[in-house]
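1. fold the following for me, if possible:
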Amino acid sequence: MYRALAVTIAAFALLASGCNVWDTVTSRKFRQDPLKATRNLVSPEDAAVVLLADPPRSGDDRAKAMQRLKEPARHGGSQDQQDALVEVLSRAATADPSPVVRFAAAEALGRFQDPRAGQILMVAYQKADGRPERAALAPPVGVVPIGGASAGRLPTRVGLDPSSLAGPVGFAPDVAAALRCRCLESLGRTHTPEAARFLGTVAGTDPEARPDGADDPEVRQAAVRGLGKCRTPEAAGALARVLAAETGKDPALVRGAHDGLVRLTGKRLPPNPQQWNEVVQAGVTIVPEPTALESAIQKAAFWDK
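-> Okay, here's the model as predicted:
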């Protein structure tokens, strides 16, 4: 009876707290200890403590901690804590077996002003397929070739599960694409010339050097959105090139490039490639980030007529 009462009280407290209620109520931890789960939801454990815990916490706990993580360097933390958390996010974004954890890590890195964040996000993009690193040409552990490599016979298995002989696996294509999109949008928030160049390459400004995944239309659109957030002259130049290359071909990329140019420069010009090329060639001045109202007005001025 006490347990039923505790569950009822915890459920009402969770309903009053709003965010993440359903996930918590239906979780195994809530079934095991509803009062503790309620306390953690109302007053979450410090995100840095969760991420630096040894042994590591569950993937679900780490992903939620990453969502609320604040950069130590900008919130009174030490350099040692900054370095440790950047390392944790780097491993999570590039190598964690859970796409949910990778997604959360990439999102967190987009909120960091640490100069290492951009490079990590580029690597995370390139590893978004989730495939493990290919081993050297040596046989798998537990496989003993008979007669050397030239014997022409199948290897003998020594206590090895046949399923372990399968080829490299990774995330489903749609999951990999979603991770790439998250990495690109977060990369734009680092506001560096290197980020702008990488985003421009994915968007298609250099067809000869496009990385894996850049043939996906949604990934290219994410790269353009990232450029629109990357407040550097290099990003404006890349957007102008996308606008010129895609006019008459891909309306979504044209719209995204034009929106980004307006947001970066504050100039309310139509989506005319020649006019925007002239702006870029004359030297771009990046304006402060527009408010939500200003963004809505800009979009209405050109697309909702």
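2. which residues touch stretch 48-61?
-> Here stretch 48-61 makes contact (CB atoms under 8 Å, 6 or more residues apart in numbering) with 27, 62, 64-66, 69, 72, 77, 81, 84-85, 88, 96, 98, 100-101. For every residue, glycine as well, the C-beta is placed using N, CA and C.
3. drop anything exposed from those residues.
-> Buried by 16 or more other CB atoms under 10 Å: R62, K64, A65, M66, L69, P72, A84, L85, V88, D96, S98, V101, out of the contacts of stretch 48-61.
4. after the strand or helix carrying D60, which helix or strand is next?
-> Remark: D60 resides in helix 59-68, with elements defined by DSSP states H and E. Later in the chain than helix 59-68, the nearest helix or strand by DSSP H and E is helix 79-95.
5. starting at the chain centroid, how far to that following helix?
-> Centre-to-centre, helix 79-95 and its host chain are 15 Å apart (CA atoms, centre = their mean, to the nearest Å).
6. so which bits of it are buried?
-> Neighbour-count burial for helix 79-95 [16+ other CB under 10 Å]: Q82, A84, L85, V86, V88, L89, S90, A92, A93, T94, A95.
7. what do you get for stretch 192-204?
-> For stretch 192-204, burial by neighbour count (16+ other CB under 10 Å) applies to T192, A195, A196, R197, F198, L199, G200, T201, V202, A203, G204.
8. likewise for stretch 237-252?
-> Buried-residue list, stretch 237-252, by 16+ other CB under 10 Å: G237, A238, L239, A240, R241, V242, L243, A244, A245, E246, T247, D250.
9. now do the host helix or strand of V49, average pLDDT.
-> Following DSSP H and E, one finds V49 within helix 47-51. Helix 47-51 shows a mean pLDDT of 96.
10. got a markdown table for the buried ones among the contacts of stretch 48-61, with pLDDT and distance to K127 too?
-> As requested, the buried ones among the contacts of stretch 48-61 are exported to a markdown table (pLDDT from 0 to 100; distance: CB to CB, whole Å):
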| residue | pLDDT | distance to K127 |
| --- | --- | --- |
| R62 | 97 | 18 |
| K64 | 95 | 23 |
| A65 | 97 | 22 |
| M66 | 97 | 17 |
| L69 | 96 | 21 |
| P72 | 96 | 25 |
| A84 | 97 | 21 |
| L85 | 98 | 20 |
| V88 | 98 | 16 |
| D96 | 96 | 10 |
| S98 | 96 | 14 |
| V101 | 97 | 13 |
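11. closest one of those residues to L187?
-> Nearest to L187 among these: M66, at 16.5 Å, using CB to CB.
12. need the pLDDT of the closest residue in space to the closest one that isn't next to it in sequence.
-> Excluding the flanking residues, the one nearest M66 by CB to CB, 6 or more residues apart in numbering is A104, at 3.9 Å. pLDDT for A104: 97.
13. measure A104 to L179 for me?
-> For A104, the distance to L179 equals 11 Å [CB to CB, to the nearest Å].
14. could you list the residues in contact with stretch 190-204?
-> Contacts to stretch 190-204, defined as CB under 8 Å, 6+ apart, come from residues 110, 113, 115, 117-119, 121-122, 125, 184, 187-188, 206, 209-211, 213-214, 219-220, 223-224, 226-227, 230-232, 234-235, 237-238, 241-242, 245-246, 253.
15. from these, which would you call buried?
-> Using 16+ other CB under 10 Å, the buried ones in the contacts of stretch 190-204 are 110, 117-119, 121-122, 125, 184, 187-188, 213-214, 219-220, 223-224, 226-227, 230-232, 234-235, 237-238, 241-242, 245-246, 253.
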